[in-house]
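Visitor: Sequence unavailable; structure follows:
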């Protein structure tokens, strides 16, 4: 159980950190000042979530390790996030739509997790879930604005949808450890989350006048540590200092 | 394309207080103005409620008329309680 | 962070009576508000000073933003992200305050991106190491605070109010920088070297942030009279040196100025001559990173054009369909 939970919290943490890290790349480069500030706020929340989950994961390991050890000293194959969260930031449409997919997922994930039999997990989910509601309000507002405006914006968000859609099923993948946690009432039921997600996202895409792509490579592998080429570069950049100067305090 | 509209931002610091003008920002529409105001002006728990209003919709008094508008209140001392002396024995009123 | 005192304004003939009343108001420490009468030169000087200040905040995001994705711990990453975000917010506050003087954000942005407007020269220096992030917080924000605290009492109301907000928010910026330096200075030899190199890199550029020496600064007198500048460049610089040298000593770091010496008689540190040639070169666009910084801003602005347009077109479409429905 302890080991299952430690693995599971790593998936949660890695997802939040890779999303936060990508979003942080916008800081100083946003489409206008107000949005620059706003995007950074979401990034800060996500890195905060990652920090909380890493702390939980680290405390459960034998011997215990710190949140930073987990974030900065694991290689790509040890990262357990779904591939979508490590994809490059792309343009504003790509960032927005990716954020929207993740926000909806996080909304239902944390909502369910808030009733977890594991108290600490439930507490973190409550806090994260509250913040996610605001993230979703933003990404939903932006999806509408980009979809129902200029031809260029619409073309860009449709392109983002074509590129991202088949990365979304992986969000709901589970492994044996997660299934044991779900059975024990610790982790949410991912099949339910998937239903909720589809019921919200698909009509919204239609409302935005966007067309779901018919076929593409369906992403998978994060739970087994099989990632895209992008993650290695992200970690090379992110982990450079602790790797170059092992054992130092910062 | 001309620039986004200017919105004035008002924040209630905590319940029981008035909304107070804190600054402004540019936004394409009221909903974005509200979202962005939250991110720009309440990063340090500065508020519990936000108003945004298009700057051009505000009607303001003319500073050139400051004296004619506001000085006449100056000599109406009888509007203030301190205008009325009280006997020492009557301490508080 | 702040403007460099390079503002200029040629006095114009203004009605004497109004001028006298204006100056009297400033002398009484009353604030000038946006729709109050003000001499054209005051307005122009303020627009220049405030927009330089705002531009500096915006460009100032870049040298530090450079390290957000490489910050060595999660805590440092969040702190740095929050700090660089603050810079964007501060740029926004000051742009807003500047707009009350009758210019638009678009005009101001255009002036920055076409190179017409200046910004603080410090941001044209590179941040090749993590210790530079410490040095910037400690020295650059330290210098900025020296300048900004008196500006909280600037005669122009919106400027003063934005400065009050900014000073409040920035109070953590210098401390977090000094804390980074402290950890490095107490760390491994490699970390100490990193910290020393960053101090070497940023010491002189930080001193230049206060602008030209008083003897070469032509516009100080008028700005002082208008109370949009409260201390001279050299006074602020000296204050900064006096405060900072002991902080460097505390860390066991060496300030890269062989002429630096405590002067018992004056009660201040004497210091070596600043390389004003370098300063002027950087101001003119020939610093190590001028081109990169400007290009980064241009790229962000151009890449964001379709987003800004989409948001506005969406609003117009909504307004149209609302009025049709009505």
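Guide: Yes, it's here. Keep in mind that this is a model prediction, so the values were computed, not measured.

Visitor: Identify the residues contacting residue 73.
Guide: Picked chain A for this. A:239, A:242, A:243 (C-beta atoms under 8 Å, 6 or more residues apart in numbering or on different chains). C-beta here means a position set from N, CA and C on the backbone, and glycine is covered the same way.

Visitor: My question was about chain C, not that one.
Guide: So residue C:73 contacts A:68, A:72, A:242, A:250 (C-beta under 8 Å, 6+ apart).

Visitor: Quick one, grab the pLDDT at residue B:89.
Guide: Looking at residue B:89, its pLDDT stands at 85.

Visitor: Could you let me know which of the contacts of residue C:73 ends up closest to residue A:226?
Guide: Set against residue A:226, the nearest of the contacts of residue C:73 by C-beta to C-beta is residue A:72 (21.2 Å).

Visitor: could you pick out which of the contacts of residue A:73 are near chain C?
Guide: residue A:242 (C-beta under 8 Å from any C-beta of the partner chain).

Visitor: What remains of the contacts of residue A:73 if I keep only buried residues?
Guide: Among the contacts of residue A:73, those classed as buried by 16 or more other C-beta atoms under 10 Å in any protein chain shown are A:239, A:242.

Visitor: Next step: the contacts of residue A:73 restricted to helices.
Guide: Those of the contacts of residue A:73 mapping onto helices are A:242, A:243, per DSSP state H.

Visitor: beta partners of residue B:20?
Guide: residue B:11 (DSSP bridges).

Visitor: Could you list the residues of chain A in contact with chain B?
Guide: Residues of chain A lying close to chain B by C-beta under 8 Å from any C-beta are A:32, A:33, A:34, A:35, A:37, A:38, A:41, A:134, A:137, A:138, A:141, A:145.

Visitor: Could you turn the buried ones of those residues into a ChimeraX selection?
Guide: Only the buried entries of these go into this ChimeraX selection, using 16+ other C-beta under 10 Å:
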select /A:32,33,34,35,37,38,41,134,138,141,145
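
Visitor: Among the contacts of residue A:73, find me the one that's closest to chain C.
Guide: Nearest to chain C among the contacts of residue A:73 is residue A:242, at 5.6 Å by C-beta to the nearest C-beta.

Visitor: show me what contacts that closest one?
Guide: A:68, A:72, A:73, A:248, A:250, C:72, C:73.

Visitor: For the chain, which segments count as strands?
Guide: Chain wasn't specified; assuming chain A. Per DSSP state E, chain A carries no strands over any range.

Visitor: wait, chain C
Guide: Under DSSP E, chain C gives strands at C:261-263, C:268-270.

Visitor: Starting from the first one, tell me which strands it pairs with and how they run.
Guide: So that's strand C:261-263. Partners of strand C:261-263 in its sheet, by DSSP bridges: strand C:268-270 (antiparallel).

Visitor: Show residues contacting the partner strand.
Guide: C:238, C:241, C:242, C:245, C:259, C:260, C:261, C:262, C:263.

Visitor: average pLDDT for it?
Guide: Strand C:268-270 shows an average pLDDT of 98 in the prediction.

Visitor: Quick one: residues contacting residue C:81.
Guide: Residue C:81 neighbours (C-beta under 8 Å, 6+ apart): A:24, A:27, A:40, A:43, A:44, A:47, C:68.

Visitor: and stretch C:102-117, which residues are buried?
Guide: For stretch C:102-117, burial by neighbour count (16+ other C-beta under 10 Å) applies to C:103, C:105, C:107, C:108, C:109, C:111, C:112, C:113, C:117.

Visitor: which residues of the chain fall in helices?
Guide: No chain specified, so I'll use chain A. In order along the chain, chain A carries the following helices (DSSP H): A:2-24, A:33-60, A:67-72, A:92-113, A:119-147, A:151-164, A:176-183, A:190-207, A:229-238, A:240-244.

Visitor: wait, I meant chain B there
Guide: Per DSSP H, chain B carries helices over the ranges B:30-41, B:66-70.

Visitor: what number of residues lie near residue 58?
Guide: Using chain A here. Counted by other C-beta atoms under 10 Å in any protein chain shown, the residues lying close to residue A:58 total 21.

Visitor: Correction: the question concerned chain C.
Guide: With other C-beta under 10 Å as criterion, residue C:58 counts 26.

Visitor: Let me see the contact set for it.
Guide: Here residue C:58 is in contact with A:33, C:87, C:88, C:91, C:112, C:119, C:297 (C-beta under 8 Å, 6+ apart).

Visitor: Please determine how far the closest residue to residue A:7 other than its chain neighbours is located from chain B.
Guide: Leaving out its chain neighbours, the residue that sits closest to residue A:7 by C-beta to C-beta, 6 or more residues apart in numbering or on different chains is residue A:177, at 5.2 Å. For residue A:177, the distance to chain B (C-beta to the nearest C-beta, to the nearest Å) stands at 37 Å.

Visitor: now the closest residue to residue C:92 other than its chain neighbours: how far from residue C:43?
Guide: Of all residues not flanking residue C:92 in the chain, residue A:33 sits nearest, at 4.7 Å (C-beta to C-beta, 6+ apart). Distance, residue A:33 to residue C:43, using C-beta to C-beta, to the nearest Å: 23 Å.

Visitor: same question, residue C:176
Guide: Residue C:176 is 36 Å from residue C:43, by C-beta to C-beta.

Visitor: Could you provide the contacts of residue C:58 in CSV, with additional columns for pLDDT?
Guide: As requested, the contacts of residue C:58 are exported to CSV (pLDDT from 0 to 100):
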residue, pLDDT
A:33, 97
C:87, 97
C:88, 97
C:91, 98
C:112, 97
C:119, 95
C:297, 97
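
Visitor: so which of the residues you listed comes closest to chain B?
Guide: Closest to chain B out of those is residue A:33 (7.9 Å), distances taken as C-beta to the nearest C-beta.

Visitor: quick one: contacts for that closest one?
Guide: Counting by C-beta under 8 Å, 6+ apart, the residues that residue A:33 touches are B:26, C:58, C:88, C:91, C:92, C:95.

Visitor: The fourth one: what's it in contact with?
Guide: Residue C:91 sits next to A:33, C:54, C:55, C:57, C:58, C:61 when contact means C-beta under 8 Å, 6+ apart.

Visitor: let's go with 10 Å and repeat that
Guide: When contacts are counted by C-beta atoms under 10 Å, 6 or more residues apart in numbering or on different chains, residue C:91 touches A:33, A:36-37, C:1, C:53-61, C:108, C:166.

Visitor: Surely residue C:166 and residue C:96 touch.
Guide: No - when contacts are counted by C-beta atoms under 10 Å, residue C:166 is not listed as touching residue C:96 (11.8 Å).

Visitor: Those two: who's more crowded?
Guide: Comparing residue C:166 with residue C:96 by neighbour count (other C-beta under 10 Å), the higher total belongs to residue C:166, at 26 against 23.

Visitor: how much space between whichever residue of chain A sits closest to chain C and residue C:86?
Guide: Nearest to chain C, among the residues of chain A, is residue A:31, at 2.8 Å (C-beta to the nearest C-beta). To residue C:86, residue A:31 is 19 Å away according to C-beta to C-beta.

Visitor: Could you do residue A:163 as well?
Guide: For residue A:163 relative to residue C:86 (C-beta to C-beta), the value is 33 Å.

Visitor: the more surrounded of the two?
Guide: residue C:86 (21 against 17).

Visitor: Run through the residues that contact that one.
Guide: Taking C-beta under 10 Å, 6+ apart as the test, what residue C:86 contacts is A:37, A:40, B:43, B:44, C:57, C:61, C:166, C:169, C:170, C:172, C:173.

Visitor: In PyMOL, how would I select the buried members of these?
Guide: Remark: buried members of these, expressed as a PyMOL selection using 16+ other C-beta under 10 Å:
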select buried, (chain A and resi 37+40) or (chain B and resi 43) or (chain C and resi 57+61+166+169+170+172+173)
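
Visitor: Using TSV, lay out the contacts of residue C:86 together with distance to residue B:11 and pLDDT.
Guide: What follows is the contacts of residue C:86, written out as TSV (distance: C-beta to C-beta, whole Å; pLDDT from 0 to 100):
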residue	distance to residue B:11	pLDDT
A:37	15	97
A:40	20	97
B:43	12	93
B:44	12	92
C:57	21	97
C:61	24	98
C:166	17	96
C:169	15	90
C:170	20	87
C:172	21	93
C:173	23	95
